[in-house]
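coords please:
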Amino acid sequence: MSTRTPPAPEAVPAPEAVPAPASGAVLASGAVLAPRPVAPPAPGTPVRPHSAPPPGARVRAVTAALTVALAGTVLLNAPPPPPSGAVASGAPAAATATRAMAGAGAPGGAATSPVTFSGKAFDTCEAPSLTVMKAWRGSPYGAVGIYFGGRGRGCPVQKELTPAWVASAHAMGWRLLPLFVGSQAPCVDSLAKRKYAIGSNPTSQGTKEGGDAVKAAKALGIGTSSPLYLDIEAYRRGDTGCAATTLAFVRAWNREVRRLGYLPGFYSSADTGVRDMEKQRVAGTKDLPDVMWFARWRGVPALLTESVLHPEAWTPHARIHQYAGNVTETYGGRTLAVDRNAIDAPVARVTTPAAFAARVPVPLSFVDSRRP
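From the prediction side, this is the model:
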């Protein structure tokens, strides 16, 4: 993403706030709009019970409260609190409206709910060292995109990206966005990506690469119910044959990733891959992505006002906007070339115990260089 042709710009709207995630959402399928959740009554509003509590209910309630209190003693390995300025939640990433708008089925084998994050994220071609990640805790970012697999990666040698790196970055407070850059559209714009074109059997190829993505994620300690974001770079707009081949590949990839208990996400240019996915959603096509990561470099976040997406498509907690790319930033004396993202979407569940996280010294030169 950091080394490709910039997506087409659009008129710059006023900056928008990234919504905080809600809890209690339920995954569902369908192809019709679902109503947004009704807000709960205000604190102190009296609620009349339908009937009196059954005998023994008070005793059971006290017992349950004691059980919960005792359970608190085993939470020593709970995930760290969310980074400053961001909101994390254990709510399902795709609520009824999200799944209905995307036209996707329920994930197979997911034992736990996805974890969502709202805030700012960056992605860069190669995973930075843990020292750099430590230095960048002084940045506005709370999540980072990692290119964990796929034959089409711009930086295939990820020397830093190990299970220890994943556990360590997570222990620092970073939330992770796993990106898989596999086969690309036959009419992909990037000359460097054309050697990774989808072949003559896109369904078989998509299924295989979906399995490859899950294996690679598991090897890094990224657990089930995590999103895996398939990166399909910008391709020639209006080429219906190319779009159909790409769609078949993406749907097969989605089915396999979902069958294996993960959430299929999708990254692409707003004017090609994302536009085509929205058309398929409107048409009621099944096996579409659960999460939409769209690239349009307009300079400011426009998470909920992207022109090619219906306002309620892939909401709530299922959108990422890459709003700027190939920018250089410095925090804690460490400089990176990154893409900037606004996110209200699922992030990885890290299963590697925190005990395996490496000790990372605080950089000698820790300069607070936050952007205004």
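
Now do P353, the pLDDT please.
With respect to pLDDT, P353 has a value of 73.

State the number of residues packed around it.
11 (other CB atoms under 10 Å). To be clear about C-beta, it is placed using only N, CA and C from the backbone, and glycine gets the same treatment.

Leaving out sequence neighbours, find the closest residue to N341.
Leaving aside its sequence neighbours, N341 sits nearest to A121 (CB to CB, 6 or more residues apart in numbering; 4.3 Å).

Now do stretch 159-174, average pLDDT.
pLDDT averaged over stretch 159-174 gives 97.

hey, what's the residue nearest to N341 bridged with?
A143, N341 (DSSP bridges).

show me what contacts it?
141-145, 175, 177, 320, 341-343 (CB atoms under 8 Å, 6 or more residues apart in numbering).

nearest to G241, of these?
I320 (28.7 Å; CB to CB).

Show me what the nearest residue to that closest one once chain neighbours are set aside is bridged to.
Counting by CB to CB, 6+ apart, I320 lies nearest to W293, which is 4.0 Å off, once chain neighbours are set aside. Beta-bridge pairing for W293 (DSSP bridges): Y267, I320.

Would you check that W293 makes contact with S269?
No: using CB atoms under 8 Å, W293 is not in contact with S269, being 10.6 Å away.

the more surrounded of these two?
Between W293 and S269, counted using other CB under 10 Å, W293 has the larger neighbour count: 30 against 25.

which ones are touching the more buried one?
By CB under 8 Å, 6+ apart, the residues touching W293 are 229, 265-268, 319-322, 341, 345.

let's see it at 6 Å
For W293, the contact set (CB atoms under 6 Å, 6 or more residues apart in numbering) comprises 229, 267, 320.

what residue ranges in the stretch 1-150 of the chain score low on pLDDT?
Within the stretch 1-150 of the chain, the segments meeting pLDDT under 70 span 1-111.

Looking at this protein, which helix is longest?
helix 240-259 (DSSP state H).

Counting by contacts, list what that helix packs against.
helix 202-219, strand 263-269 (3 or more CB pairs under 6 Å, 6 or more residues apart in numbering; DSSP states H and E).

change it to 8 Å
Taking 3 or more CB pairs under 8 Å, 6 or more residues apart in numbering; DSSP states H and E as contact, the helices and strands that helix 240-259 lies on are helix 202-219, strand 227-231, strand 263-269, helix 275-283.

Just the helices from the protein, written as ranges.
Listed in chain order, the helices found in the chain under DSSP H are 57-71, 96-102, 130-135, 163-172, 202-219, 240-259, 275-283.

Buried residues, the shortest one. List them.
This points to helix 130-135. 130, 132-135 (16 or more other CB atoms under 10 Å).

How about P301, nearest residue that isn't a chain neighbour?
Nearest to P301 is A342, by CB to CB, 6+ apart, at 3.4 Å.

no no, P264
In space, P264 is closest to N254, 3.9 Å off (CB to CB, 6+ apart).

what about stretch 291-307, how long is it end to end?
The separation between the terminal residues of stretch 291-307, taken as CA to CA, to the nearest Å, is 17 Å.

I meant to write stretch 220-239 there.
OK, stretch 220-239 end separation, CA to CA: 37 Å.

buried set for that stretch?
Buried residues in stretch 220-239 (16+ other CB under 10 Å): 220-235, 237.

Test my guess that the residue nearest to P264 contacts G210.
Yes: with contact defined as CB under 8 Å, N254 counts as touching G210 (7.2 Å).

Residues in contact with both of the two, list them for me.
Residues touching both N254 and G210 by CB under 8 Å, 6+ apart: P264.

and Q322, what does it touch?
1, 7, 123, 267, 293-297, 339-341.

If you rank those residues by neighbours, which is first?
Result: W293 is most packed of the contacts of Q322 (other CB under 10 Å), 30 neighbours.

Quick check: that one vs G199, distance?
25 Å (CB to CB, to the nearest Å).

and what of N326?
Distance, N326 to G199, by CB to CB: 30 Å.

out of the two, which sits in the more crowded spot?
Using other CB under 10 Å as the criterion, N326 and G199 rank with N326 on top: 14 against 11.

doesn't L130 make contact with W165?
Yes: if you go by CB under 8 Å, W165 and L130 touch, sitting 6.3 Å apart.

For the closest residue to S204 other than its chain neighbours, give me the pLDDT.
Residue nearest to S204 in three dimensions, not counting chain neighbours: A252, with 7.4 Å by CB to CB, 6+ apart. What the model reports as pLDDT for A252 is 98.

How about the contacts made by the residue lying closest to P163 once chain neighbours are set aside?
Nearest residue to P163, sequence neighbours excluded (CB to CB, 6+ apart): G221, at 4.5 Å. Residues in contact with G221 (CB under 8 Å, 6+ apart) are 163, 166-167, 350-352.

Most neighbours among these, which one is it?
That'd be V166 among these, by other CB under 10 Å, with 27 neighbours.

From what I see, that residue and L220 are in contact.
Yes: counting by CB under 8 Å, L220 is a contact partner of V166 at 5.0 Å.

can you list residues touching both of those two?
Counting by CB under 8 Å, 6+ apart, the shared contacts of V166 and L220 are T352.

Please report the number of neighbouring residues for the residue lying closest to Q280 once chain neighbours are set aside.
The shortest distance from Q280 to any residue other than its chain neighbours is 6.0 Å, reached at L288 (CB to CB, 6+ apart). The number of residues packed near L288 is 26, by other CB under 10 Å.

what does T245 give?
23.

how about it, what does it touch?
Contacts of T245 (CB under 8 Å, 6+ apart): 185-186, 198, 202.

Nearest spatial neighbour of it, chain-adjacent residues omitted?
Nearest non-adjacent residue to T245 (CB to CB, 6+ apart): P202, at 5.1 Å.
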